[in-house]
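**Q** Here you go, sequence then predicted model.
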Amino acid sequence: MNINGQAKQDMTYDAIVVGSGMSGGWSAKELTERGLKTLVLERGRNVEHVKDYPTMNLDPWELPPNDDIPYEEKKNYKKQQLVYNFGESTKHWWVKDVDQPYEEKERFDWIRGYHVGGRSIMWGRVTLRLSQMDFEANLKDGHGVDWPIRYNDIAPWYSYVEKFAGISGQAEGLPQLPDSEFLPPMELSCVEKELKKTMKEKFGRVLTNIRLANLTKPHNGRGQCMTRNLCARGCPYGAYFSSNAATLPAAAATGNLTMRPHSIVHSLEYDDSTGKVSGVNVIDELTGDMLTFHSKIVFLNASTVGTAMILMNSTSDRFPNGLGNDSDQVGRNVMDHHFLVGADGVVEGYEDQYYWGRRPGGYYVPRFRNVGADKRDYVRGFGYQGNSSRQGWGRAIAELAMGQHLKDFAANPGPWTIGLLGFGEILPYEDNRVTINRDKLDKWGLPTPVFDVKIRENEFKMRKDMANDAAEMLEAMGAKNVNPYDYTYAPGLGIHEMGTARMGRDPKTSVLNKWNQIHDVPNVFITDGSCMASSGCQNPSLTYMALSARAANYAADQLEKGELS
């Protein structure tokens, strides 16, 4: 018996998927359901649905005040603690920054979670389609490169993934925000309904129920949302879409899935004789051993930055600057969505109304700037995510009353507040990039990333409208104490980073073709945020899902035809 040959056979699969998050989970589901023996490599620990959600049912009194963590411990999470849902109940999902160093030529807030399921456990769950306008934007205004696909190419795949994932929302018939396959929406509050009415009457603009990957009724074996608003801890009902609750169990049910956590991908091996990748080199996180796994096709879903780093570290005589990097576009065109700008205010006159439960999402205002006849002094546009609530007992902390008056004050809800938070498109600037420093290694011996990313004049012009328009709409509904704001924003914190291995029509200016294949390495596919040629202003995860399902089925078709064997 040839022991070495047998060892290679035991480490050989039909397909390898690098990463188990939003796009990796979809790649694994589609490939396994097409009958391919598929290995999923995850650099972090294993997380099983429900079993490994340790804080999912903890009450507030079982946690520190305000869910806070000690000051000394916060030092380990310099960047991660900037996230709105970071706390004692969720810290186990976020990486320790002290263990994951990187350099910033310009400030970049890199938010990461290394475990099976990745950030699909912690995401905000807003699911919005890109439109024909978004797929045509680069060509029309000359920024970036033309997408090699259009809306009609991806629309059937949007529908496909939506029907499986379960998306709640309201159809509006807007060309700039195509409708999804919807479950019933979560109801707007009384003040949100008033803002919706005023916006339509005075501005001709639309406010719609947030489009959310939270189930409003049982769906595909998963339970409906209980409106606990504890989503970031992991949902025991499977009521929001995650790899752990949905795609990975579906992949496992085929019998074709092998999940390997604690597997840090070092690089891909390129075979000159075939012009394809022959293996994936992996550092075992627990032992430090270097292993090589083999497959016919590889899907890189390691996240936008992770995928770029793997490509740049995969050098060979054929690709001295990194696998598939003939165009020198790997690591370039980093985009995010710029935010932390908008307005909020107080709404009077609804003191006799309240709401039921703790709804895990609010409302959405689709893009209206640079749409139709509207023309601004910048290109592209923005949308708003908003929410409303009534102030609670916490406001009594500053109350000077005593005795029964204080009890009555704390027992009754305070005034309604409402806000609009803008999310704007960042253009694909070629010199917004991430590179790797081969002289500064992490604890696994891998090069560390260096970020040089910033927003420019176009985004700063847009932010003025994002604040002013929000304030104008709130004032028009009669809100008081309206406060427009524009806080300091650094790329990364939107947690929508994308663009480092973009799709395109020309191999000279892009990394991937219309099927998400590396132009000159046909058995490697990239369907995470790296592949995006532009960002739109919509949350991108739904597009990653659709592109992953589309590419995986194309890859399976090509294998069946013998094109990639």
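**A** Arrived safely. These numbers were taken from a predicted model, which means no experiment stands behind them.

**Q** so which strand or helix has the closest residue to Ala171 other than its chain neighbours?
**A** Among residues not flanking Ala171 along the chain, Asp179 sits closest, at 4.3 Å (C-beta to C-beta, 6 or more residues apart in numbering). Where C-beta positions appear, they are placed from N, C-alpha and C, glycine not excepted. For Asp179, there is no enclosing helix or strand under DSSP states H and E.

**Q** what sits against Asp179?
**A** When contacts are counted by C-beta atoms under 8 Å, 6 or more residues apart in numbering, Asp179 touches Arg129, Gly169, Ala171, Glu172, Gly173.

**Q** Isn't the fourth one up against Val206?
**A** Yes. Contact criterion C-beta atoms under 8 Å: Glu172 and Val206 qualify, at 5.7 Å.

**Q** on that earlier part again, neighbour-wise, which one of the contacts of Asp179 leads?
**A** Neighbour count (other C-beta atoms under 10 Å) singles out Gly169 as the most crowded of the contacts of Asp179, with 26 neighbours.

**Q** From Ile283, how far out is that one?
**A** 42 Å (C-beta to C-beta, to the nearest Å).

**Q** Listing partners with orientation, what would you give for the helix or strand containing Asp439?
**A** Per DSSP H and E, Asp439 falls inside strand 433-441. Here strand 433-441 is paired, per DSSP bridges, with strand 447-452 (antiparallel).

**Q** what is the rounded mean pLDDT of the strand it pairs with?
**A** Averaging pLDDT along strand 447-452 gives 98.

**Q** what's downstream of it, the next helix or strand?
**A** Next element after strand 447-452 (DSSP H and E): helix 457-476.

**Q** which other helices and strands contact that next one?
**A** Applying 3 or more C-beta pairs under 8 Å, 6 or more residues apart in numbering; DSSP states H and E, one finds that helix 457-476 contacts helix 190-203, strand 337-338, strand 341-347, strand 382-390, strand 416-425, strand 480-486.

**Q** Mind listing residues that contact that helix?
**A** Contacts of helix 457-476 (C-beta under 8 Å, 6+ apart): 195, 198-199, 202-203, 205, 338, 341-345, 369, 376-382, 384, 418-420, 422, 424-427, 482-486.

**Q** pLDDT-wise, which helix or strand of this protein ranks last?
**A** helix 403-411 (a mean of 55; mean pLDDT, DSSP states H and E).

**Q** Helices of this protein, residue ranges please.
**A** Under the criterion DSSP state H, the chain carries helices at the ranges 3-10, 22-33, 71-74, 132-141, 151-165, 190-203, 248-253, 304-313, 403-411, 457-476, 541-560.

**Q** Thr448: which of the ones you listed is closest?
**A** Among the helices of the chain, the nearest to Thr448 by C-beta to C-beta is helix 304-313 (8.8 Å).

**Q** helices and strands around that closest one, which ones?
**A** So helix 304-313, by 3+ C-beta pairs under 8 Å, 6+ apart, packs with strand 263-271, strand 290-300, strand 433-441, strand 447-452.

**Q** Now find how far off-centre the shortest one is within its chain.
**A** So the one you mean is strand 447-452. Here strand 447-452 is found 20 Å from its chain centre; the criterion is C-alpha atoms, centre = their mean, to the nearest Å.

**Q** same deal with stretch 178-185?
**A** With C-alpha atoms, centre = their mean, you get 19 Å for stretch 178-185.

**Q** returning to that earlier point: including mean neighbour count, could the helices of the chain go into JSON lines?
**A** JSON lines is the format used below for these (neighbours: other C-beta atoms under 10 Å):
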{"stretch": "helix 3-10", "mean neighbour count": "9"}
{"stretch": "helix 22-33", "mean neighbour count": "30"}
{"stretch": "helix 71-74", "mean neighbour count": "10"}
{"stretch": "helix 132-141", "mean neighbour count": "18"}
{"stretch": "helix 151-165", "mean neighbour count": "18"}
{"stretch": "helix 190-203", "mean neighbour count": "17"}
{"stretch": "helix 248-253", "mean neighbour count": "20"}
{"stretch": "helix 304-313", "mean neighbour count": "26"}
{"stretch": "helix 403-411", "mean neighbour count": "11"}
{"stretch": "helix 457-476", "mean neighbour count": "19"}
{"stretch": "helix 541-560", "mean neighbour count": "23"}
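
**Q** will you turn those into CSV that also has distance to Gln100?
**A** Shown next, in CSV, are these (distance: least, C-beta to C-beta, whole Å):
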stretch, distance to Gln100
helix 3-10, 32
helix 22-33, 19
helix 71-74, 16
helix 132-141, 32
helix 151-165, 29
helix 190-203, 39
helix 248-253, 24
helix 304-313, 11
helix 403-411, 43
helix 457-476, 27
helix 541-560, 22
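
**Q** any idea which of those scores lowest on pLDDT?
**A** helix 403-411 (a mean of 55).

**Q** Return the most buried member of the helices and strands packed on helix 457-476.
**A** strand 337-338 (a mean of 26; mean count of other C-beta atoms under 10 Å).

**Q** strand partners of it, parallel vs antiparallel please.
**A** Partners of strand 337-338 in its sheet, by DSSP bridges: strand 416-425 (antiparallel).

**Q** what mean pLDDT does the strand it pairs with have?
**A** 97.

**Q** and it, how far from the chain's centre?
**A** For strand 416-425 - counting by C-alpha atoms, centre = their mean - the centre lies 19 Å from the chain centre.

**Q** residues in contact with the residue lying closest to Met312 once chain neighbours are set aside?
**A** Leaving aside its chain neighbours, Met312 sits nearest to Gly322 (4.1 Å; criterion: C-beta to C-beta, 6+ apart). If a contact means C-beta under 8 Å, 6+ apart, then Gly322 has Leu311, Met312, Asn313, Ser314, Thr315, Val330 as its contacts.

**Q** what about the stretch 1-150 of the chain, any weak spots by pLDDT?
**A** 1-7, 9 (pLDDT under 70).

**Q** Strands along that one, start to end?
**A** 12-18, 38-41, 103-104 (DSSP state E, counting those that start in this stretch).

**Q** Name the strands paired with the first one and say parallel or antiparallel.
**A** If you go by DSSP bridges, strand 12-18 pairs up with strand 38-41 (parallel), strand 290-300 (parallel).

**Q** could you dump those strands to a markdown table with mean neighbour count and distance to Gly255?
**A** Conversion of the strands paired with strand 12-18 to a markdown table gives the following (neighbours: other C-beta atoms under 10 Å; distance: least, C-beta to C-beta, whole Å):
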| stretch | mean neighbour count | distance to Gly255 |
| --- | --- | --- |
| strand 38-41 | 27 | 11 |
| strand 290-300 | 22 | 17 |
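
**Q** any chance of the ones you listed in a markdown table, plus distance to Tyr354?
**A** Shown next, in a markdown table, are the strands paired with strand 12-18 (distance: least, C-beta to C-beta, whole Å):
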| stretch | distance to Tyr354 |
| --- | --- |
| strand 38-41 | 45 |
| strand 290-300 | 47 |
